[in-house]
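Asks: after the sequence you'll find the predicted model.
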Amino acid sequence: MFFILSKGKLSQIDFGYLSQDSGVRLDPTLVPDESRPVVLKKAKAPESFAIEVMSSPVVSIDHEALVGEALKVFSEKGIHHLVLTENDQVKGLISDRDVSWVEKLELNEHAMAGQFMSSMVLVCHEETPLDHLAKVMVRENISAIPVVNSFQQLTGIVTHHDLLRWIFE
């Protein structure tokens, strides 16, 4: 299950392409020295969910925190995405790229981090299947998705690094 955060409110969103899975992993290809196409099927694996791979506890700061605080957290924690919250509710997402230029150009680090956050953020539920999560991240060209529980409280974050770690472990 996916949600979109817009104007401070989470609304459920449906990605139609998630239900149109053909089961084909690769387009038909020709095996060397053979003239017939070979279709590679998706491996059947037990279903896994966001809660199994998410980073938790998630590093977050209040949406009214200063940019200087966000820069400090990025540096100290070695992370690339920071969830901005208010009372454990997702308010936005900020990446190190969103604010790195503030430090480089010696601009005002006393501005609020919320001014630089993406306020329209895709969010998923803890029970979102990983194949759906990966497909949405690729199709929507995003590298991090905050994870919420049934009460829409922030419980973790899944990044492309988390998915790669899951695949190769």
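Replies: Here it is on my side, so go on.
Asks: where does the chain have low pLDDT?
Replies: For the chain, residues meeting the criterion pLDDT under 70 lie at 20-46, 103-109.
Asks: which stretches in this protein count as strands?
Replies: 2-6, 9-13, 29-30, 37-38, 60-62, 81-86, 89-95, 121-125, 144-148, 154-159 (DSSP state E).
Asks: reformat the ones you listed as a markdown table; add distance to Q115.
Replies: Quick note: C-beta positions are derived from backbone N, CA and C, even for glycine. What follows is the strands of the chain, written out as a markdown table (distance: least, CB to CB, whole Å):
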| stretch | distance to Q115 |
| --- | --- |
| strand 2-6 | 16 |
| strand 9-13 | 19 |
| strand 29-30 | 49 |
| strand 37-38 | 53 |
| strand 60-62 | 13 |
| strand 81-86 | 11 |
| strand 89-95 | 10 |
| strand 121-125 | 15 |
| strand 144-148 | 19 |
| strand 154-159 | 20 |
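Asks: return the most buried member of those strands.
Replies: When these are scored by mean count of other CB atoms under 10 Å, the highest mean neighbour count falls to strand 144-148 (a mean of 24).
Asks: that one: partners in the sheet, and parallel or antiparallel?
Replies: strand 121-125 (parallel), strand 154-159 (antiparallel) (DSSP bridges).
Asks: ok, F2 - contacts?
Replies: When contacts are counted by CB atoms under 8 Å, 6 or more residues apart in numbering, F2 touches Q12, I13, D14, F15, L122, V123, C124, H125, T128, H132, V136.
Asks: I'd like these as CSV, with distance to K77 appended.
Replies: Below are the contacts of F2 laid out as CSV (distance: CB to CB, whole Å):
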residue, distance to K77
Q12, 31
I13, 29
D14, 34
F15, 30
L122, 22
V123, 21
C124, 22
H125, 25
T128, 24
H132, 28
V136, 25
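Asks: ok, these vs V58, which is closest?
Replies: Using CB to CB, V123 comes nearest to V58 of the contacts of F2, at 11.7 Å.
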